[in-house]
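Visitor: Here is the input, now give the coordinates:
(2 chains)
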Protein chains: 2
Amino acid sequence: MATLADIGVSALINILTAFAFLLAFALLKIQPINDRVYFPKWYISGERSSPRSSRNFVGKFVNLNVWTYFTFLNWMPQAMRMSESEIISHAGLDSAVFLRIYTLGLKIFIPTAIVALLILIPVNVSSGTLLFLKKELVVSDIDKLSISNVPAKSIRFFVHIALEYLFTIWICFLLYKEYDTVASMRLRFLASQRRSVEQFTVVVRNIPHVSGRLVSDAVDTFFQKNHPNHYIGHQAVYNGNKFARLARRRGRLQNWLDYYQLKFERHPDKRPTVKTGFLGLCGGKVDAIEYYKRLIKDLDKKMTLERQKIIKDPKSILPVAFLSFDSRWGAAVCAQTQQNKNPTLWLTNWAPEPRDVYWRNLAIPFFSLTVRKFIISMSVFALVFFYMIPIAFVQSLANLEGLERVAPFLRPVIELKFIKSFLQGFLPGLALKIFLYILPTVLLIMSKIEGHIALSTLERRAAAKYYYFMLVNVFLGSIVTGTAFEQLHAFIHQPPTQIPRTIGVSIPMKATFFMTYIMVDGWAGIAGEILRLKPLVIYHLKNMFLVKTERDREKAMDPGSVDFKETIPSLQLYFLLGIVYAVVTPILLPFILVFFALAYLVYRHQIINVYNQQYESAAAFWPHVHSRIIASLLISQLLLLGLLSTKEAAKSTPLLVILPILTIVFHKYCKNRFEPAFRKYPLEEAMAKDILEKTAEPNLNIKAYLADAYLHPIFQSFEVEEELVQVRVDKHQTHEAASPSIELSSHSPLHVHSPSPPHHGYSASPPQSYPHYDYSTSPPQSYYYRPPSPPHYIQNYQV
Amino acid sequence: MATLADIGVSALINILTAFAFLLAFALLKIQPINDRVYFPKWYISGERSSPRSSRNFVGKFVNLNVWTYFTFLNWMPQAMRMSESEIISHAGLDSAVFLRIYTLGLKIFIPTAIVALLILIPVNVSSGTLLFLKKELVVSDIDKLSISNVPAKSIRFFVHIALEYLFTIWICFLLYKEYDTVASMRLRFLASQRRSVEQFTVVVRNIPHVSGRLVSDAVDTFFQKNHPNHYIGHQAVYNGNKFARLARRRGRLQNWLDYYQLKFERHPDKRPTVKTGFLGLCGGKVDAIEYYKRLIKDLDKKMTLERQKIIKDPKSILPVAFLSFDSRWGAAVCAQTQQNKNPTLWLTNWAPEPRDVYWRNLAIPFFSLTVRKFIISMSVFALVFFYMIPIAFVQSLANLEGLERVAPFLRPVIELKFIKSFLQGFLPGLALKIFLYILPTVLLIMSKIEGHIALSTLERRAAAKYYYFMLVNVFLGSIVTGTAFEQLHAFIHQPPTQIPRTIGVSIPMKATFFMTYIMVDGWAGIAGEILRLKPLVIYHLKNMFLVKTERDREKAMDPGSVDFKETIPSLQLYFLLGIVYAVVTPILLPFILVFFALAYLVYRHQIINVYNQQYESAAAFWPHVHSRIIASLLISQLLLLGLLSTKEAAKSTPLLVILPILTIVFHKYCKNRFEPAFRKYPLEEAMAKDILEKTAEPNLNIKAYLADAYLHPIFQSFEVEEELVQVRVDKHQTHEAASPSIELSSHSPLHVHSPSPPHHGYSASPPQSYPHYDYSTSPPQSYYYRPPSPPHYIQNYQV
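Guide: You can find the predicted model right below:
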């Protein structure tokens, strides 16, 4: 058990680490060479250009202005300068609302910390049970400040209960206000948004297959009949997954070709060679440039064939379509209603915005989704409950006696006082952090298997899984595993009322562990976040080996985006810790406050200067944030109940039983009141926007506007790169014999180029405003700065 | 503990009771004087008229045809003669699907009983543990046939597990087929239904109040804007609750007046008198006819004033309205979508059919609904868990030793062998039944407080509450209370895995109790149901004192309706008992089979000849039936798991853990697949019906058709009775100054008669086809044979 001194050492280390990171950031940031790593958002918005052009040679790489070195913390006030509405227009609503989670944390915990420290510390310290028991129990000094120090049956527990009530009311009040604000921000954002294709588009899934009939045909007949006044057409979805795979491979080859060409340009005397065998390690040596050119040529042929196949084979049209409506009202009606008497057919829903679509999952047959969901939920359960075993193992190592037994040769090192404190304070938190590092990726893959079709949904689902994981493994696991190993087994074999007792009793004992956790994960981790070490290294590597032109440099710049699926659940864990420990060990609250303040500054800076969100979900994650803070409240109430029942404060039980019930009622009320704003689009809003638009732009051709908006990006990229040679072949001209009389489906979703093999060199770069498609990443990822309306489509489009 | 002989005695008594009831029914039924009690449905459909007109004087009252006395059981084959489609058109889909629950029971339990009896009885009997333990344990002979007889750790338990699997699969298979059938029956029924007003009507609740603006005005503006193509108008809802109260009082007075007038006609020599004091027991004597005439006149004045007030006061218009649409499609769209950005305002939903509306709850302000729901769910919880105390008390009395101790003077009677068997076999079941008698009414009142606006919803909610009650008190209570008194307390303080064990162990011991319960409640109870003792007595009393004309006789006839809120939960209890005991004590199954067969015949007969449903919900209760049979399956699987774990058959645990998971997956699948058919109206269906209608009747005036369809019946009744003197005053003419320019709300929902006081004598009877409104019952109840379209409205209606 760590003592107060251990905590002090750990705090010192973590503060030093955090400062080191911040200092490194400050130094690296002002070097012109790193400008694209620390300010990519401004490059994307076009408001910043390379500072390297105007300097002398050294000044291009190193900052020679001495003055800037002294103001190395000036990013903090700078981060605070932007107002919320500016952030919304600069980075989107998701980012702005994400920052609100931190301010909510500060709003909750600043008054809570003040009240709890002022009232509870004196109450706890002045009654000294633990001082007498010290010999028997392994109890740290921290415990003197916690509820453990109050003797059983003490009247003082009513202070704790009163504070629990006070905090619950305070938190609920803030949550209500916040939900209200966010909901109206969302509606205002949606109302003020410019015209965008997803407002007019509905995705329909599980279109029933009628033999001898084309999917497009069936869709048109069905919706022309059932939505006659507003349906104007649809965009079929092609199974481009195989093509996308080929394209990705081509991208990799192109990268190698570029690399070798650049190498050759720099050393024209020596043509680069490559071995053709396994991983380039064996086989005969050939000329690298020629080799890759040949490979690319072969692949291009294959891709042409594949594209022909997609166009010709009606089976490549998936039973999914994006429906276009002439008004938001029509789309809202179609998205919210049931179409067919069989509720698993013709499933309509709002289309995600084009850059948010996860194309690969559109090909999943609908009937397998139930099975997939079932399998994944089973695996998540297994992962959540059996991932504990390695954590418990690591924590038993972090117990120093255990470590000495496993590795006796380390004893002399470990026995050094400083090292011992360091290990005891630092190791458990760090071990846990490493464990958690690979997890979000695994969970995202699991969510992808579940078959959601929007990236935002995928992230939210992954976040939910991550939250369960954190709750069980980090929170419960850390509390219980130390005392009882097989947590699940123990829980099942205990009476339900025993569970809060078991956990409740351990809660105050584990305060020190969570303090180190907050310092490692929260303080040093967040300071590391601002440093962006990984993108920095990757950018410089790319810069060294691949970059030829300024455009390439732009490509090498990876702004990334806020990793909602990881940060939001972590944040929720901090809320949980803060709420649970507020009345139990209030000394933990300042640690959490420091985290919230630092993280708020860091993320504000990053959102303003770095991150560029892939999609905009208009704060769709807020209901989850809200309900998980409510869950934290419930957990804290139950645990306090359990803790007090071991303290024989039986009279307090009825008081504490009412609290969770009231909290649940509050939650239900909030859910009814606010959640529909995040799930549905009210008709009144849709109609108001339609009318406004009709008066503002009476001649708008909405059909032309929507054309090809939901074309798989893999086909779009071709079009962009082959603008000059493209020949538009209408799908239905090809199929004239099969479906002679289709009038409405006159969209031409595939644009077949001329037989000449496409040229993919980056030198033939498209006009500035077009998405430059990057084969090396998954389709929609690099698709981030698509202009709202592609004018050249409209010209070619046959209305 | 009851022995096999006790069961025999109980069975004999109950069979005799059932036969006595059936015999009494057969005798009473063929008496012409009772014809209206046993065949009211045919009178209502107009296919039967009084058999008394054609006979001589005695023949009018007593059946003199001897032959009919010998064929007294012929109602059974007669009941079977009607086909299902005939039942649907004769009595509606609700009744037909209700009968399917019984056939489902037969389909489930006939094969189950055969397999279980053939396989399990030999398996259980041949291993005789209980024979040796007889001295220690109080075990009845029935237990020799049950799973208790199998020794611990026996390999034979795998037979039970295999059968549990087999039964689960069989039941799920039948449930799936049945859900499929019922869902398509429902959709076919809805599709084949004639045009009816609720197809075009949407109810909107919680219309926001804007000061200085009329509700009607706000509704028209809002829906004209947001549903411009289909909205054609609305029908305001007036708060007629006070008026209805007055009308009910007037009805009572009218009844007394009729009674005394009839008395005077029969004995013209003596004018009836009445005392004016408290309950007619004290005070001065006055002439009864004059007295009641005066009272009625006073009340009429009051009612006229009240009506004027309702018309003039804009506050009497509730923030609720029935919206009329020109097509089913428009109504379906409005009902399924969200209108306003505040999801608690402008709440739209399908309107229940007019006779299904529970008018009184429309006046409940919407914001109080959450509070009401919360309070009621708390009270239901209290009722379910604390109602047990009296039951436990009665059951401790039914324990004969306890009874002798409480009432020692009864000992000589109780000690008689026959009486003892009778008491032991009969009393616990009967006591429970009496307890349950008043419950449904209480639960219905609770549901009314919750604020649902449709009678069908009220009944379904009451049924749900009744089911929870039966589950906890009849099933769990009977099993556990005998062994552990404070069930809830015990459950909370046991590990969750212990609960199925505690119950599982007691399950086989309680088989005899449930057998007597089935016999008392199921056999004798159902036979009593066909006798209709209460309606019989009431009818003859009314006939004696109130009936003057043939129309009055028709009024006195009370067909009643299937009491879904009570019968469906009881049925679900039988399913639960059957499924739980199928593998534990299969000897119980024949008892359940007899119940299902008898009840099927009885209810088929009653539905064909007697009951007249108040409303048609198109089998909306089926999802509940389905999910509760699934719940029964889960309970049986958990209890078997618990039971086997006490038998130390640990190897079987994994096998039995998989089963509930699979059952839940099956349930989820069914829910997704079929439930929307019971909640939403698919647009395709709506559109198809609209198109069909448009081609069949191109000139239909839908606005005229819908006019006044949702007028509070209390106002409608006036109109019917005062056809000749009515003067139509448009609401909006009265309010001209306040709202000068309302174009669409030209409905005239209130029809004010001339100042002359209305005459309510039954002699001024309206034309045959109109609802003859009966003040003595609650508004919609006597409203059962309303014609689909009231032609006289259309003539007067200003389109």
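Visitor: tell me the contacts of the closest residue in space to A:F222 that isn't next to it in sequence?
Guide: Distances taken as C-beta to C-beta, 6 or more residues apart in numbering or on different chains put A:W346 closest to A:F222, at 6.7 Å, once the chain neighbours are dropped. No exception for glycine: its C-beta is placed from N, CA and C like everyone else's. Each residue near A:W346 by C-beta atoms under 8 Å, 6 or more residues apart in numbering or on different chains is listed here: A:V204, A:N206, A:I207, A:P208, A:F222, A:Q339, A:N340, B:E684.
Visitor: Now, those that are in helices?
Guide: Members of the contacts of A:W346 lying in helices (criterion: DSSP state H): A:F222, B:E684.
Visitor: all strands of chain A, in order?
Guide: Along chain A, counting by DSSP state E, strands occupy A:201-205, A:231-238, A:273-275, A:285-287, A:317-325, A:347-350.
Visitor: Can I get those in JSON lines including mean pLDDT, mean neighbour count and distance to chain B?
Guide: Formatted as JSON lines, the strands of chain A follow (pLDDT from 0 to 100; neighbours: other C-beta atoms under 10 Å in any protein chain shown; distance: least, C-beta to the nearest C-beta, whole Å):
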{"stretch": "strand A:201-205", "mean pLDDT": "88", "mean neighbour count": "24", "distance to chain B": "12"}
{"stretch": "strand A:231-238", "mean pLDDT": "84", "mean neighbour count": "24", "distance to chain B": "12"}
{"stretch": "strand A:273-275", "mean pLDDT": "74", "mean neighbour count": "16", "distance to chain B": "53"}
{"stretch": "strand A:285-287", "mean pLDDT": "77", "mean neighbour count": "13", "distance to chain B": "56"}
{"stretch": "strand A:317-325", "mean pLDDT": "86", "mean neighbour count": "24", "distance to chain B": "13"}
{"stretch": "strand A:347-350", "mean pLDDT": "85", "mean neighbour count": "18", "distance to chain B": "9"}
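Visitor: CSV for those strands, including distance to A:I364?
Guide: Converted to CSV, the strands of chain A look like this (distance: least, C-beta to C-beta, whole Å):
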stretch, distance to A:I364
strand A:201-205, 9
strand A:231-238, 12
strand A:273-275, 38
strand A:285-287, 41
strand A:317-325, 9
strand A:347-350, 13
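Visitor: Check what pLDDT the residue nearest to A:F222 gets.
Guide: Looking at A:W346, its pLDDT stands at 86.
Visitor: measure it to A:I445 for me?
Guide: Distance from A:W346 to A:I445, counting by C-beta to C-beta, to the nearest Å: 30 Å.
Visitor: do A:H452 as well
Guide: 12 Å.
Visitor: try A:L633
Guide: Distance, A:L633 to A:I445, by C-beta to C-beta: 32 Å.
Visitor: For those two, indicate the residue with more neighbours.
Guide: A:L633 (26 against 12; other C-beta atoms under 10 Å in any protein chain shown).
Visitor: Find the nearest non-adjacent residue to that one, please.
Guide: A:L633's closest residue in space is A:T663 (C-beta to C-beta, 6+ apart), at 5.4 Å.
Visitor: do A:A463 as well
Guide: Using C-beta to C-beta, 6+ apart, the nearest residue to A:A463 is A:K565, at 4.5 Å.
Visitor: mind listing what the one you found touches?
Guide: Contacts of A:K565 (C-beta under 8 Å, 6+ apart): A:P440, A:L443, A:L444, A:E459, A:R460, A:A462, A:A463, A:Y466.
Visitor: quick one: the fifth one and chain B, what's the gap?
Guide: Pointing back at A:R460 there. 20 Å (C-beta to the nearest C-beta, to the nearest Å).
Visitor: Pull the number of nearby residues for whichever residue of the stretch 301-450 of chain A sits closest to chain B.
Guide: Going by C-beta to the nearest C-beta, chain B is nearest to A:P343 of the stretch 301-450 of chain A, at 3.5 Å. The local packing of A:P343 (other C-beta under 10 Å) involves 20 other residues.
Visitor: State the phi and psi torsions of it.
Guide: Main-chain dihedrals, A:P343, degrees, to the nearest 10: phi -70, psi 0.
Visitor: That one reaches B:N672, doesn't it?
Guide: Yes - using C-beta atoms under 8 Å, A:P343 is in contact with B:N672, at 7.1 Å.
Visitor: From A:N609, how far off is A:N543?
Guide: Counting by C-beta to C-beta, the gap from A:N543 to A:N609 is 19 Å.
Visitor: Those two: who's more crowded?
Guide: A:N609 (20 against 16).
Visitor: Quick check: the gap between the residue nearest the centre of chain A and chain B.
Guide: By C-alpha atoms, centre = their mean, the mean C-alpha position of chain A lies nearest to A:F564, the distance being 2.7 Å. Distance from A:F564 to chain B, counting by C-beta to the nearest C-beta: 25 Å.
Visitor: cool, A:Q637 as well?
Guide: Distance from A:Q637 to chain B, by C-beta to the nearest C-beta: 17 Å.
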